[in-house]
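S.K.: Have a look at this fold, sequence not included:
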Ligand SMILES: Nc1ncnc2c1ncn2[C@@H]1O[C@H](COP(=O)(O)OP(=O)(O)OP(=O)(O)O)[C@@H](O)[C@H]1O
């Protein structure tokens with residue numbers, strides 16, 4: 001009786017089962033309290049059942065079947081909605097065409113863990129089989145409990161005691177069997193979760209390593225085509241999604257399918273009538289669930305997209321805070337963000353309303369399961385076609401089916417997400433390394449002197465075909481000379497430097513250093529040992545000055561670093577910091593001034609002792625004072641090297657040996673400063689233009 005009471009208090013379906021049991025049990029031998037309790041229940045329910053017996057069959061079948069089926073499908077649809085909300089909660093991903101998932105490649109990653117994988121699968125299967133057995137075993141226990149209470153009645157006579165004792169012994173066996181099942185279930189659950197989790201982590205680790213290796217070995221065209229965020233997403237959230245889907249699908253999927261199959265067989269065996277009605281109601285309920293679920297999913301996805309949009313607005317404002325400040329655009333940004341957030345809130349509220357209605361309906365139908373099954377099951381019990389244990393087992397099995405369906409619907413979302421995430425991961429992972437990045441010669445027996453020849457170079461960016469940037473470009477830079485390339489913005493100056501660095505290969509013609517075509521050289525050797533590159537906005541890493549300079553040559557000693565810093569006129573200002581070379585420079589070097597950052601970058605480039613220096617507008621971002629200091633550093637760095645300067649400020653290149661004027665990718669003038677000034681042509685005009693601009697700026701400053 002206590003077992004029944006506990007069950008009555010704690011579980012809805014057990015409560016209903018107890019009720020049904022109380023209606024049919026003999027109460028004469030029970031204590032007064034128990035008798036009153038059951039009599040009360042009988043008074044409440046028996047007349048109703050008896051009087052409604054004719055319609056009871058149909059009602060019970062209907063409610064039971066529809067309740068179970070609807071609840072299953074509602075649960076499925078609800079989980080799809082929640083799953084969809086979860087899916088879109090992250091970054092909005094824009095992929096033009098979903099790459100397919102290469103199963104064969106995936107199995108290559110799985111293969112090293114095949115034994116662990118089989119162990120995990122076997123354990124998951126064992127849990128599923130146990131989950132099917134448990135209701136049956138529970139049914140046995142309930143039946144014995146029912147008889148125990150019925151027969152013995154806890155009477156005081158000796159005979160009664162021994163009868164109770166015999167029945168109690170009968171209870172021990174199934175109870176212990178059930179306990180063994182629970183323990184085994186716990187053990188197997190631990191094994192499959194732990195093992196699959198380990199395999200998932202190892203596969204994810206290998207994927208991350210290989211993907212990063214593959215991405216970093218792509219050419220610049222790849223990075224031009226793909227946004228940084230997209231690449232980083234594949235390394236992070238795509239692999240994460242894939243890993244979760246792998247773990248979930250293989251463990252839960254197998255378990256759920258086995259459970260569904262097993263429990264369906266069980267409920268057919270227990271009560272074909274109940275099962276039949278349930279199956280008949282499924283199509284209608286699937287339709288309703290699918291329609292509701294799909295509209296909620298749409299609402300959810302729109303709301304999440306709006307949230308992501310508002311996040312992007314805030315992200316952009318915060319990461320560009322300097323620009324926001326410079327334009328005093330705080331109010332504008334606040335308004336923009338508020339509008340987006342408000343819209344997101346409205347959409348989420350609407351979604352909440354929909355989900356609330358949906359969940360309310362789902363709960364109603366979930367309770368319908370219990371009620372309906374009780375009605376129909378009760379009827380079957382009353383005509384002797386079902387025992388209390390059977391009804392209990394039926395309810396447990398349908399609950400297991402319902403849980404498994406929910407699980408499967410969640411898994412379906414996870415599977416789709418995992419497959420598309422995996423497809424995206426493998427799409428980049430299987431890209432062959434760019435020919436620009438591998439192979440080629442490393443020259444160890446001599447140093448380059450630095451004679452550069454551009455011969456009939458024609459080039460267009462891979463992302464902008466049919467728009468040649470350089471056309472039949474010819475230029476000879478003798479070793480040790482300084483050559484400046486000038487011209488209006490967008491005329492191809494930086495492109496010349498990029499081609500010399502071999503960030504892209506020329507489409508026609510060739511670039512040679514000391515007579516060697518750079519396409520025959522190993523590109524890491526070319527960039528790491530022959531060329532030194534300094535650009536307008538050097539990027540420093542958030543570490544010490546020492547490590548930032550050492551980045552120029554892996555394994556350089558401290559004294560080599562200090563030597564390079566001296567050459568770059570940086571040693572003096574570095575020594576003034578309390579921590580000297582161990583000073584941290586902050587994220588992207590924000591704790592240094594522009595001129596200081598540039599000198600650290602020059603030291604970093606000089607550390608590898610390059611034969612050729614490329615200065616891509618290296619001083620154009622600096623004020624005049626810093627420019628003078630950095631220029632001195634550059635002048636000393638230029639000694640004994642070939643230097644290619646991409647220049648904006650023409651005042652800085654007056655002393656260059658050769659000045660090349662570029663217009664629409666074609667050299668229109670070439671010579672030194674004096675020669676070009678005398679020509680009175682493009683260069684002359686550019687210089688005059690800049691001087692006038694400078695004069696105007698000075699006057700404005702004086703007046704302002
Ligand atoms: N990665 C790229 N992909 C496609 N087109 C590019 C790329 N980089 C530059 N371009 C285009 O090539 C042309 C030449 O650009 P480049 O940067 O060489 O000019 P620039 O003379 O150095 O200009 P600026 O003085 O403004 O830096 C421009 O029209 C530019 O839009």
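M.R.: That came through fine. The model shown is predicted, which means the values in this text are computed figures rather than measured ones. Numbering: from 1, shown residues only.

S.K.: From now on I want contacts and neighbour counts done on CA atoms only, so please keep to that.
M.R.: Noted.

S.K.: got a list of what the residue nearest in space to the middle of the chain touches?
M.R.: Note on the chain: the residue nearest the mean C-alpha position is residue 237, at 1.0 Å, using C-alpha atoms, centre = their mean. With contacts defined as C-alpha atoms under 8 Å, 6 or more residues apart in numbering, residue 237 has no neighbours.

S.K.: Pull up the residues of the protein that are close to the ligand.
M.R.: 224, 461, 463, 464, 469, 489, 490, 491, 492, 493, 494, 495 (C-alpha under 6 Å from any ligand atom).

S.K.: from the middle of its chain, how far away would stretch 248-260 be?
M.R.: 24 Å (C-alpha atoms, centre = their mean, to the nearest Å).

S.K.: just to revisit the earlier point, pull out the buried residues from the residues of the chain next to the ligand.
M.R.: Buried by 16 or more other C-alpha atoms under 10 Å: 461, 469, 491, 492, 493, 494, 495, out of those.

S.K.: ok, the residues of the chain next to the ligand vs residue 501, which is closest?
M.R.: residue 495 (9.7 Å; C-alpha to C-alpha).

S.K.: can you give me how far the host helix or strand of that closest one is from the chain middle?
M.R.: Using DSSP states H and E, residue 495 falls within helix 493-500. In terms of C-alpha atoms, centre = their mean, the centre of helix 493-500 is found 36 Å from the chain centre.

S.K.: Would you map the strands across the stretch 601-704 of the chain?
M.R.: 612-616, 642-646, 658-663, 666-671 (DSSP state E, counting those that start in this stretch).

S.K.: what's the third one in contact with?
M.R.: Yep, that's strand 658-663 we're talking about. Contacts of strand 658-663 (C-alpha under 8 Å, 6+ apart): 481-488, 491-493, 653, 667-673, 682-683.

S.K.: pLDDT below threshold where in this structure?
M.R.: By pLDDT under 70, the weakly predicted segments of the chain are 1-98, 148-167, 281-286, 366, 369, 445, 618, 620-625, 697-698, 700-704.

S.K.: remind me, longest helix of it?
M.R.: helix 158-216 (DSSP state H).

S.K.: For the spatially closest residue to residue 604 that is not a sequence neighbour, grab the count of nearby residues.
M.R.: If the residues on either side of it in the chain are set aside, residue 604 comes closest to residue 549, at 4.2 Å by C-alpha to C-alpha, 6 or more residues apart in numbering. Around residue 549 there are 29 other residues, counting by other C-alpha atoms under 10 Å.

S.K.: so residue 549, which of the three states?
M.R.: Under DSSP: H, G, I helix; E, B strand; the rest coil, residue 549 falls in the helix class.

S.K.: Who are the contact partners of it?
M.R.: Taking C-alpha under 8 Å, 6+ apart, one finds 561, 565, 600, 601, 603, 604, 605, 607 in contact with residue 549.

S.K.: what does residue 256 give?
M.R.: Contacts of residue 256 were listed using C-alpha under 8 Å, 6+ apart, and they are 128, 404, 405, 407, 408.

S.K.: Would you write a PyMOL line that selects the buried entries of these?
M.R.: Selection of buried members from the contacts of residue 256 for PyMOL, criterion 16+ other C-alpha under 10 Å:
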select buried, resi 128+404+405+407+408
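
S.K.: from the contacts of residue 256, which is closest to the ligand?
M.R.: Nearest to the ligand among these, counting by C-alpha to the nearest ligand atom, is residue 408 at 46.0 Å.

S.K.: Quick check: the closest one is in a helix.
M.R.: Yes. With three-state DSSP as the criterion, residue 408 is part of a helix.

S.K.: measure it to residue 259 for me?
M.R.: Distance, residue 408 to residue 259, using C-alpha to C-alpha, to the nearest Å: 11 Å.

S.K.: for the nearest residue to residue 135 once chain neighbours are set aside, what are its contacts?
M.R.: Spatial nearest neighbour of residue 135, chain neighbours left out: residue 393 (4.8 Å); criterion: C-alpha to C-alpha, 6+ apart. Residue 393 makes contact with 135, 136, 138, 139, according to C-alpha under 8 Å, 6+ apart.

S.K.: What helix or strand is residue 393 located in?
M.R.: Going by DSSP H and E, residue 393 is part of helix 388-429.

S.K.: what distance separates that helix from the centre of its chain?
M.R.: 21 Å.

S.K.: the inter-axis angle of that helix versus helix 158-216?
M.R.: Angle, helix 388-429 to helix 158-216, by axes from the mean of the first three to the mean of the last three C-alpha atoms, to 10 degrees: 10 degrees.

S.K.: What spatial separation is found between residue 520 and the ligand?
M.R.: As judged by C-alpha to the nearest ligand atom, to the nearest Å, residue 520 and the ligand stand 23 Å apart.

S.K.: Phi, psi for that residue please.
M.R.: With angles defined as degrees, to the nearest 10, residue 520 sits at phi -90, psi -10.

S.K.: how close does it get to residue 528?
M.R.: As for residue 520, its distance to residue 528 is 15 Å (criterion: C-alpha to C-alpha).

S.K.: Looking at these two, which has the bigger crowd around it?
M.R.: More neighbours surround residue 528 than the other of residue 520 and residue 528, with 18 against 13 (other C-alpha under 10 Å).

S.K.: residues in contact with that one?
M.R.: 552, 553, 608.

S.K.: Surely the second one touches residue 608?
M.R.: Yes. Distance between residue 553 and residue 608: 5.6 Å, which falls inside the contact criterion (C-alpha atoms under 8 Å).

S.K.: Between those two, which has more neighbouring residues?
M.R.: residue 608 (23 against 18).

S.K.: buried residues in stretch 361-377?
M.R.: Neighbour counts over stretch 361-377 (16+ other C-alpha under 10 Å) mark 362, 365-377 as buried.

S.K.: Go ahead and confirm residue 193 touches residue 252.
M.R.: No. Counting by C-alpha under 8 Å, residue 193 stays clear of residue 252, with 9.6 Å between them.

S.K.: Give me the more crowded residue out of those two.
M.R.: residue 252 (23 against 18).

S.K.: How about that one, nearest residue that isn't a chain neighbour?
M.R.: Closest to residue 252 by C-alpha to C-alpha, 6+ apart is residue 407, at 7.1 Å.

S.K.: Return the residues in contact with that neighbour.
M.R.: Applying C-alpha under 8 Å, 6+ apart, the residues near residue 407 are 252, 253, 256.

S.K.: can you list contacts of the helix or strand just after the helix holding residue 495?
M.R.: Counting by DSSP H and E, the element after helix 493-500 in chain order, helix or strand, is strand 508-513. With contact meaning C-alpha under 8 Å, 6+ apart, strand 508-513 is reached by 448, 450-459, 472, 500, 517-518.

S.K.: Between helix 493-500 and strand 508-513, find me the angle.
M.R.: Using the same axes, to 10 degrees: strand 508-513 against helix 493-500 is 70 degrees.

S.K.: strands paired with the helix or strand that strand 508-513 is followed by, and their directions?
M.R.: Where DSSP H and E defines the elements, the next helix or strand beyond strand 508-513 is strand 516-517. When pairs are called by DSSP bridges, strand 516-517 turns out to pair with strand 508-513 (antiparallel).

S.K.: can you tell me which of the contacts of residue 549 lies nearest to residue 692?
M.R.: residue 601 (31.5 Å).

S.K.: ok, now which ones touch that closest one?
M.R.: Contacts of residue 601 by C-alpha under 8 Å, 6+ apart are 534, 538, 539, 540, 549.

S.K.: one more time with 7 Å
M.R.: Contacts for residue 601 (C-alpha atoms under 7 Å, 6 or more residues apart in numbering) come out as 534, 538.

S.K.: Secondary structure element for the residue of the stretch 201-350 of the chain found nearest the ligand, which one?
M.R.: At 5.6 Å from the ligand, residue 224 is the closest residue in the stretch 201-350 of the chain, using C-alpha to the nearest ligand atom. Counting by DSSP H and E, the element that carries residue 224 is helix 220-225.
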